[in-house]
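Trainee: Sharing a model that was predicted from the sequence below.
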Amino acid sequence: MSLDCNTANGRRYINYQHLCLQSFCTEKNVSFVPTVDTSEADVDAVLWRKHIVGVAEVKTRNMTFTELSRFGSYLITYAKLTKLCSVAKALHCPGLLIVYLIPDNRTIWWKICDKTGDFLFNPKIERTETQATCNGGTAIRYNAYLPLSLIQC
């Protein structure tokens, strides 16, 4: 069974993730090393200058900021955030969630945890049924709802 990241649609989203990372890192004056993008990884990139300055989970969404605002929060699989915090703790650096909104050509981001891997806020966690992947399907899992008030641009 092929992973979603290896399907044509999955590769399209991965290409947007790479674009997102390039523009974000250029703006923040940091370099990045992506992790493997053909299988699962606990984070999508390591950010560095002269040393590691952060780790990032990168998402791509085919929605505008206005559409996202109507939801009132950003939904992400809670396990993704806990993995991000674990890697941040191991590397002693902050963990970021970076989201690229395709129609707006816009990047938004949250600082999820500090260098000790501790959450910087208490996300609302619920077990819900959501779309499983960019290729569709459904999944029942624990999801985190991130407040839009904490978005950084």
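Mentor: Alright, I've got the coordinates.
Trainee: CA atoms of the biggest helix by length in the chain as CSV?
Mentor: Determined from DSSP state H, the single longest helix within the chain is helix 8-28. The C-alpha atoms that make up helix 8-28 are tabulated as CSV, following Å, rounded to 0.1, in the frame of the first residue of the first chain:
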residue,chain,number,x,y,z
ALA,A,8,0.5,12.3,-7.3
ASN,A,9,-1.7,14.5,-5.0
GLY,A,10,0.5,13.9,-2.0
ARG,A,11,3.6,14.9,-4.0
ARG,A,12,1.8,18.1,-5.1
TYR,A,13,1.2,19.0,-1.4
ILE,A,14,4.8,18.1,-0.5
ASN,A,15,6.0,20.5,-3.2
TYR,A,16,4.0,23.2,-1.6
GLN,A,17,5.6,22.3,1.8
HIS,A,18,9.0,22.8,0.2
LEU,A,19,7.9,26.1,-1.2
CYS,A,20,6.6,27.1,2.2
LEU,A,21,9.8,26.2,4.0
GLN,A,22,11.9,28.0,1.4
SER,A,23,9.9,31.3,1.8
PHE,A,24,9.6,31.0,5.6
CYS,A,25,13.3,30.4,6.1
THR,A,26,14.3,33.1,3.7
GLU,A,27,12.1,35.6,5.6
LYS,A,28,13.5,34.5,9.0
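Trainee: Centre of the chain to it, how far?
Mentor: Here the centre of helix 8-28 is set off from its chain's centre by 11 Å, with Cα atoms, centre = their mean, to the nearest Å.
Trainee: Which neighbouring elements make contact with the helix or strand of the chain with the lowest mean pLDDT?
Mentor: In the chain, no helix or strand scores lower on mean pLDDT, DSSP states H and E than strand 124-133, which sits at a mean of 84. Helices and strands touching strand 124-133, as assessed by 3 or more Cβ pairs under 8 Å, 6 or more residues apart in numbering; DSSP states H and E, comprise strand 73-77, strand 136-147. Every residue, glycine included, has its C-beta placed from N, CA and C.
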